[in-house]
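Asker: Give me the fold of what follows.
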Amino acid sequence: MGFFNKLFSREKKESLDQGLQKTKESFFSKIGRAIAGKSTVDAEVLDTLEEALVSADVGVDTTVRIIERIEARVSKDKYMGTSELNRLLQEEIAAILVDAPDSGFRDFSTPADKKPYVIMVVGVNGVGKTTTIGKLAYNFNKAGKSVLLGAADTFRAAAVDQLTIWSERVGVPIVKQQMGSDPAAVAFDTVQSGVARGSDVIIIDTAGRLHNKLHLMDELSKIKRVMNKVIPDAPHEVLLVLDGSTGQNALEQAKQFTAATEVTSLAITKLDGTAKGGVVLAIANQFKIPVKYIGIGEKMEDLQVFDKEEFVDSLFSLNS
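Answerer: Numbers count the residues shown, from 1 in each chain. Down below sits the predicted model:
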């Protein structure tokens, strides 16, 4: 690894440490009180740990899983000290997080045998979906990839306008039609154009409506079908964007979208400034879908490729 890669990696890790600060402070202040003056992990420590996990929006099911596994390990070693609790927690949290199928591709690279690599982005309005697409385009572009955007959220003029602004800001082309146009037609034109241009990455925005799940399912299925006519295995990725600061609401949105379409990866935004970063664990545990990207700030560089080892390390690094 060269000097600049090392520098980028260090800056990325520092941003992650800072982005998870509020979750970390809330979580560890409770754990600190739980183990103060204690030399062994007892029922009181586990009760307080359970409360800390739930308050970080890890969710009841995930919390129960973690506590039960720690209880089993504590009962096996009757004299386990509180100093070992952090290590146990790190191991159990890492075990919950799912590796992406293409986890070998880091730093916004794409599989060499899939060009163009087509990403269909789904998620409700207001979660940072369009902003995430803009940041993805920036980061792919920075990694040397040619990117094409498709504005298939044709039900809101603001969505098309916002994506157009991002395309201009990042310096990547966009395919769009008038408001009210058939989203599948926009997707078809985008993929066809991407193939003709020799684009490396195509990112398709879609409408973020949940009021009619059947309609959403039909619409997303139609978009997939028309893309298949140009690239048989497109989209290669269905990325669901969730707002991490909404905690359990993000979990509910994940339920709705996974019921409507086959989601293959997650982007969790707005983890900076919230104490609810534990929702990453709740979603990973319940849906077994890999978190691929996390948003930890406003800057375009603050959308990071998710690395579970780095995430757990940042969560437990108390001196950042």
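Asker: which helices and strands does the strand or helix carrying Ala137 pack with?
Answerer: Assigned by DSSP states H and E, Ala137 belongs to helix 129-142. The contact analysis (3 or more C-beta pairs under 8 Å, 6 or more residues apart in numbering; DSSP states H and E) places helix 129-142 against strand 117-122, strand 147-151, helix 157-170, strand 201-205, strand 265-269, strand 291-295, strand 303-305. Just so you know, the C-beta spots here come from the backbone N, C-alpha and C atoms, and that holds for glycine as well.
Asker: okay, the angle between it and strand 117-122?
Answerer: 160 degrees (axes from the mean of the first three to the mean of the last three C-alpha atoms, to 10 degrees).
Asker: Okay, angle between helix 129-142 and strand 201-205 too, please.
Answerer: Interaxial angle of helix 129-142 relative to strand 201-205 (the same axes, to 10 degrees): 170 degrees.
Asker: from the middle of its chain, how far away would stretch 301-312 be?
Answerer: Here the centre of stretch 301-312 is set off from its chain's centre by 9 Å, with C-alpha atoms, centre = their mean, to the nearest Å.
Asker: And stretch 185-193, by the same measure?
Answerer: Distance, stretch centre to chain centre, for stretch 185-193: 26 Å (C-alpha atoms, centre = their mean).
Asker: Start the count at 24 instead of 1 going forward.
Answerer: With the count now opening at 24, the last piece we talked about shows up as stretch 208-216.
Asker: As PDB, could you dump the C-alpha coordinates of that stretch?
Answerer: Written as PDB, here are the backbone C-alpha positions of stretch 208-216 (Å, rounded to 0.1, in the frame of the first residue of the first chain):
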ATOM      1  CA  ALA A 208     -38.500   4.000 -19.900                       C
ATOM      2  CA  VAL A 209     -35.900   6.200 -18.200                       C
ATOM      3  CA  ALA A 210     -34.200   3.200 -16.800                       C
ATOM      4  CA  PHE A 211     -34.100   1.500 -20.200                       C
ATOM      5  CA  ASP A 212     -32.700   4.600 -21.900                       C
ATOM      6  CA  THR A 213     -30.100   5.000 -19.200                       C
ATOM      7  CA  VAL A 214     -28.800   1.400 -19.500                       C
ATOM      8  CA  GLN A 215     -28.900   1.600 -23.300                       C
ATOM      9  CA  SER A 216     -26.900   4.900 -23.200                       C
END
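Asker: For it, give me every contacting residue.
Answerer: With contacts defined as C-beta atoms under 8 Å, 6 or more residues apart in numbering, stretch 208-216 is touched by 139, 141, 143, 171-175, 177, 198-200, 222, 225, 227, 246, 249-250, 252-254, 257.
Asker: the helices in the stretch 174-323 of the chain, which residues?
Answerer: Using DSSP state H, counting those that start in this stretch, the helices of the stretch 174-323 of the chain run over residues 180-193, 206-220, 236-251, 271-283, 302-310.
Asker: Can you tell me what sits against the last one?
Answerer: So that's helix 302-310. So helix 302-310 is contacted by 80-82, 84-85, 88, 116, 119-121, 265, 267, 269-271, 273-274, 277, 281, 286, 289, 291, 294, 312-314, 317, 334 (C-beta under 8 Å, 6+ apart).
Asker: Least confident secondary structure element in this protein?
Answerer: For the chain, scoring each helix and strand by mean pLDDT, DSSP states H and E identifies helix 26-42 as the least confident one, at a mean of 62.
Asker: And the pLDDT at the residue positioned nearest the centre of the chain?
Answerer: Centroid check for the chain by C-alpha atoms, centre = their mean gives Ala290 as the closest residue, at 2.2 Å. In this model, Ala290 is scored at 93, pLDDT.
Asker: Give me the nearest residue to it, chain neighbours excluded.
Answerer: If the residues on either side of it in the chain are set aside, Ala290 comes closest to Tyr316, at 4.0 Å by C-beta to C-beta, 6 or more residues apart in numbering.
Asker: Thanks a lot, catch you later.
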